[in-house]
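Engineer: need a 3D model of the sequence below.
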Amino acid sequence: MLKHNASAKRNPERVVIMGAGGFIGASLVKALKANKIHFLALTSKKLNLLDSDASDRLADILNSDDTLVVISAIAPCKNNEMLFQNISMMKAVCEAIEKQQPKHLIYLSSDAVYTDSTDPLTETSSAEPGSLHGVMHLSREIMLKHDCTSPMTVIRPSLIYGAEDTHNGYGPNQFLRLSLAGKEITLFGEGEEQRDHVYIEDVVNILLLVILYCSEGVINVATGSVVSFREIAQMVSEYFNPNIIINTIPRVGPMPHNGYRPFDPSSCLTAFPEFNYTTFANGFEVTFKALTH
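Structural biologist: Prediction:
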């Protein structure tokens with residue numbers, strides 16, 4: 001459960017965003033602009049966390065009244081080299097905050113830190129990741145907690161979708177783009193794997209609320225509803241392209257998360273009673289319209 005250090009919404013002096021050029025970071029920048037919140041957007045071109053002087057440069061940038069949002073990552077983390085790079089990046093951040101603590105620190109992590117479970121996952125579920133991606137995020141969480149003495153929030157979203165996602169990973173974004181290009185959708189196995197997909201604007205709205213309330217603790221960002229990849233492909237066919245061909249290929253290796261990844265969103269909804277998640281059907285439709293304009 002989150003603890004709010006502000007009794008009412010309050011704009012911070014400045015929000016410093018590490019990873020402002022990515023899908024989530026760029027979406028947060030738009031939201032901060034819309035809400036007239038002062039911010040500094042840092043991309044890898046402006047400050048590459050793998051540079052030898054990155055920690056000193058970041059420490060010089062930070063002020064004691066800043067809210068620091070750390071989104072920067074080389075993701076998804078697929079091998080040991082990527083894991084090492086991500087840890088090196090976070091080492092630079094930790095060295096910087098040792099020199100200059102921000103007022104508030106927010107780390108965008110991932111639901112991949114959790115152990116697989118058939119029960120709905122909560123913020124207190126066992127964090128024993130079975131993937132390098134989960135190991136990477138959990139390691140970075142622990143590194144930050146070790147060196148951060150200010151209020152800190154860890155946000156763990158499930159699968160994020162939206163029109164401006166550059167990863168084009170298996171799922172909503174890829175299926176819609178394939179449909180628009182007149183290409184086939186190919187499902188792994190029978191596409192029976194069920195996951196919780198969260199709309200990008202919901203992730204950003206939670207980020208904003210955490211910033212405005214100066215919240216601290218751990219919070220999942222997941223809707224509480226699961227949908228299979230086959231259902232998503234069928235939605236593309238039913239609503240957007242009835243001529244789309246849906247194929248299947250044999251699955252190689254075990255099904256991720258044993259094919260089922262449910263969440264209990266009650267902690268998030270209790271922390272922010274004014275917030276409601278976008279249903280997958282609505283978010284999917286908005287994403288489609290954005291891709292076609």
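Engineer: what's the spacing between stretch 135-149 and its chain's center?
Structural biologist: For stretch 135-149, the separation from the chain centroid amounts to 16 Å (computed by C-alpha atoms, centre = their mean, to the nearest Å).
Engineer: got the buried residues for it?
Structural biologist: 135-141, 143-144, 147-148 (16 or more other C-beta atoms under 10 Å). Placement of C-beta: from N, CA and C, glycine included.
Engineer: what does stretch 90-107 give?
Structural biologist: Of the residues in stretch 90-107, those buried (16+ other C-beta under 10 Å) are 90-94, 96-97, 101-107.
Engineer: now the residues you listed in TSV, with pLDDT and distance to Tyr213?
Structural biologist: Formatted as TSV, those follow (pLDDT from 0 to 100; distance: C-beta to C-beta, whole Å):
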residue	pLDDT	distance to Tyr213
Met90	98	25
Lys91	98	29
Ala92	98	28
Val93	98	23
Cys94	98	25
Ala96	98	25
Ile97	97	21
Gln101	97	19
Pro102	98	16
Lys103	98	13
His104	98	10
Leu105	98	14
Ile106	98	11
Tyr107	98	16
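Engineer: show me those residues that map onto strands.
Structural biologist: Using DSSP state E, the members of the buried residues of stretch 90-107 that fall in strands are 104-107.
Engineer: need the max-distance pair from those residues.
Structural biologist: Greatest spatial distance among these (C-beta to C-beta): His104 and Tyr107, at 11.2 Å.
Engineer: residues shared between the contacts of those two?
Structural biologist: Shared contacts of His104 and Tyr107, defined by C-beta atoms under 8 Å, 6 or more residues apart in numbering, comprise 152-153.
Engineer: of all the ones in strands among the buried residues of stretch 90-107, which comes closest to Val113?
Structural biologist: Tyr107 (11.3 Å).
Engineer: ok, that closest one - contacts?
Structural biologist: 70, 140-141, 144, 152-155 are the contacts of Tyr107 under C-beta under 8 Å, 6+ apart.
Engineer: and for Ala112?
Structural biologist: Neighbours of Ala112 in contact, by C-beta under 8 Å, 6+ apart: 129, 131, 133-134, 137.
Engineer: report pLDDT for it.
Structural biologist: pLDDT, Ala112: 96.
Engineer: ditto for Leu208
Structural biologist: So Leu208 comes in at 98 (pLDDT).
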